[in-house]
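Visitor: attaching a predicted model along with its sequence, questions to come.
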Amino acid sequence: MSARAIGFYAVLIVLLTVADQVVKELVETMMPLHERIGLLPFLSLLHSRNTGIAFSMFSGMSDLALSLVMAGVILFIGYLALRTGAAQKWARFGFALILGGAFGNLIDRLTNGFVTDYIYFHTPVWSFAIFNLADVFITVGAGLVILDEFLDWRRGRMGGQTHAD
C-alpha cells in the first residue's frame, strides 16, 4: 500500500474512531444507565455497558486480557489491510471501518473497563444484542472485505482462471 493510501486510510480510521467516541460520550452523559428511549416500534436507544466483547462473550476475562486480545486483533487486521492491492478498494474501506470500530471499543475498554452500547433492536417477543456505532463499523467493514474477496473470485472465474483455494 502506498504512503498516500496509508495516510488517507489513517485519517479515515481516526475520523471513524472519533465519531464513535463522540456518540458514546453523548450516551454516557445524557442517558442514565439502563434508560431506554423508544425510537421505532422495533428500535430503541438503551444505555448499557458491555464488559465482554461481541455479544458479551468473554465477559469474565480481565480488562487487561481483553485489551490484549483486542490489540492483537487490531494488529492482525492492520497487517491484512496493508497487504491489500490497489484494486481492492472495498476491502481497504472495509478494513478502515473495522479498525475504526476496533479502536473505538478498545478506547472504551482501556478508559472505562467496559464498552458503552446503546442500539437495541427488538420486538415484543424477540430482542437482538445491544450494540454501538463501532460494532456497526466492524460488521459493515467485515461485509465489505468479504464482498471484495467474492468480487475478486468472480472476476478470476469469469476470466477463465480457477482458484484451488
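Guide: Good, I have the coordinates.

Visitor: please count neighbours and contacts with C-alpha atoms only from this point.
Guide: Will do.

Visitor: could you point out which element follows the longest helix that the chain contains?
Guide: Of all the segments of type helix in the chain, defined by DSSP state H, the longest one is helix 3-30. Toward the C-terminal end, the helix or strand that comes next after helix 3-30 (DSSP states H and E) is strand 36-40.

Visitor: direction included, what does that next one pair against?
Guide: Each strand paired with strand 36-40, and its direction, by DSSP bridges: strand 43-50 (antiparallel).

Visitor: and stretch 13-25, how far from the chain's centre?
Guide: 11 Å (C-alpha atoms, centre = their mean, to the nearest Å).

Visitor: and the strands in the protein?
Guide: In order along the chain, the chain carries the following strands (DSSP state E): 36-40, 43-50, 115-122, 127-131.

Visitor: with distance to Thr17 added, can I get those strands in TSV?
Guide: Supplementary listing: the strands of the chain in TSV, determined by distance: least, C-alpha to C-alpha, whole Å:
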stretch	distance to Thr17
strand 36-40	24
strand 43-50	18
strand 115-122	13
strand 127-131	15
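
Visitor: of these, which stretch is the most buried?
Guide: Among those, strand 115-122 has the highest mean neighbour count (mean count of other C-alpha atoms under 10 Å), at a mean of 22.

Visitor: hang on, Leu91 packs against Arg83?
Guide: For residue 91 the amino acid is Ala, not Leu. No - here Ala91 lies out of contact with Arg83, judged by C-alpha atoms under 8 Å, at a distance of 10.5 Å.

Visitor: picking that back up, weakest of the strands of the chain in terms of mean pLDDT?
Guide: For those, the bottom mean pLDDT is recorded on strand 127-131, which sits at a mean of 86.

Visitor: what angle do the longest helix of the chain and strand 43-50 make?
Guide: Following axes from the mean of the first three to the mean of the last three C-alpha atoms, to 10 degrees, one obtains 100 degrees for the angle between helix 3-30 and strand 43-50.

Visitor: what's the angle from helix 3-30 to strand 115-122?
Guide: 80 degrees.
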